[in-house]
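A.B. asks: Please work out how this folds:
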Amino acid sequence: MSSESIYTHYVYSYLREDGTPYYIGKGKGPRAYRQHGHNVPVPPSERIAFIKKDISDCEAKQLEIELISKYGRKDLGTGILRNLTDGGDGMGGWVMRDTTKQKLRIANTGKRHTAETRQKMSKSAVGKKKPPRTEQHKANQRRSQGKELVIDGMVYYSSSHAQEVLGICRRTISNRVKNPNFPNYNYK
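C.D. replies: Numbers count the residues shown, from 1 in each chain. Here you go, the predicted structure:
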């Protein structure tokens, strides 16, 4: 295991002059002070509030999701934040604006790939089929379907339930169930 601490993340808020938040984010290092979206200007450092520091990535994701839900998003008409996603990882909850859809529709109307481009695309796709699931993968899926998850003697009806109760990411739970070094994580 790495000697680097896993508690290096934080959740932060960009504040308006009146002190209300207009953006909630998570990150580590200098993320809070860097521009990372054209619709979210970075305020002066005195208007960047750190809500919680020295937490795990998983805890930061969960807190970010909770706070975005609490304050609501302007683009959805549910609140005051300029966030374009529901928080957590990636683009979950991102909604493309109708004006953007229209611009893309206009830009791509009537466009066709040239014969040369189609040939290159076809050639690059050769041999890139998804590998078949291994027998171990199939066995793990069969083992988990309709079964209860047992962690340290406690029974959970799903990995989502265990995540909610224990505050551990589902991916971590899944990895521990598969890892023989964690015999206290299994399905029954």
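A.B. asks: lowest average confidence, helix or strand, in the chain?
C.D. replies: Within the chain, no helix or strand scores below helix 135-144, which has a mean of 70 by mean pLDDT, DSSP states H and E.
A.B. asks: tell me what the next helix or strand after that helix is packed against?
C.D. replies: Note on helix 135-144: by DSSP states H and E, the next helix or strand toward the C-terminus is strand 149-151. Under the contact definition 3 or more Cβ pairs under 8 Å, 6 or more residues apart in numbering; DSSP states H and E, strand 149-151 sits against strand 154-156, helix 159-166, helix 170-178, strand 185-187. Heads up, the C-betas are built off the backbone N, CA and C, glycines and all.
A.B. asks: in the first one, what's buried?
C.D. replies: The reference is to strand 154-156. Residues of strand 154-156 classed as buried by neighbour count (16 or more other Cβ atoms under 10 Å): residue 156.
A.B. asks: I'd like to know which elements it is packed against.
C.D. replies: Packed against strand 154-156 by the contact rule (3+ Cβ pairs under 8 Å, 6+ apart) you find strand 149-151.
A.B. asks: May I have the strands that pair with the strand it packs on, each with its orientation?
C.D. replies: Sheet pairing of strand 149-151 (DSSP bridges) gives strand 154-156 (antiparallel), strand 185-187 (antiparallel).
A.B. asks: How far does that strand sit from its chain's centre?
C.D. replies: 24 Å (Cα atoms, centre = their mean, to the nearest Å).
A.B. asks: And the contacts of that strand?
C.D. replies: Applying Cβ atoms under 8 Å, 6 or more residues apart in numbering, the external contacts of strand 149-151 come out as 155-159, 161-162, 166, 173, 177, 184-188.
A.B. asks: what about burial for these, which qualify?
C.D. replies: Buried among the contacts of strand 149-151 by 16+ other Cβ under 10 Å: 156, 159, 162, 173, 177, 185-186.
A.B. asks: what about residue 79, how many residues close to it?
C.D. replies: Counted with other Cβ atoms under 10 Å, the neighbours of residue 79 add up to 15.
A.B. asks: you'd agree it is up against residue 86?
C.D. replies: No. Between residue 79 and residue 86 there is no contact under Cβ atoms under 8 Å: 11.7 Å.
A.B. asks: anything in contact with each of those two?
C.D. replies: Contacts common to residue 79 and residue 86, judged by Cβ under 8 Å, 6+ apart, are residue 73.
A.B. asks: Alright, I will stop here.
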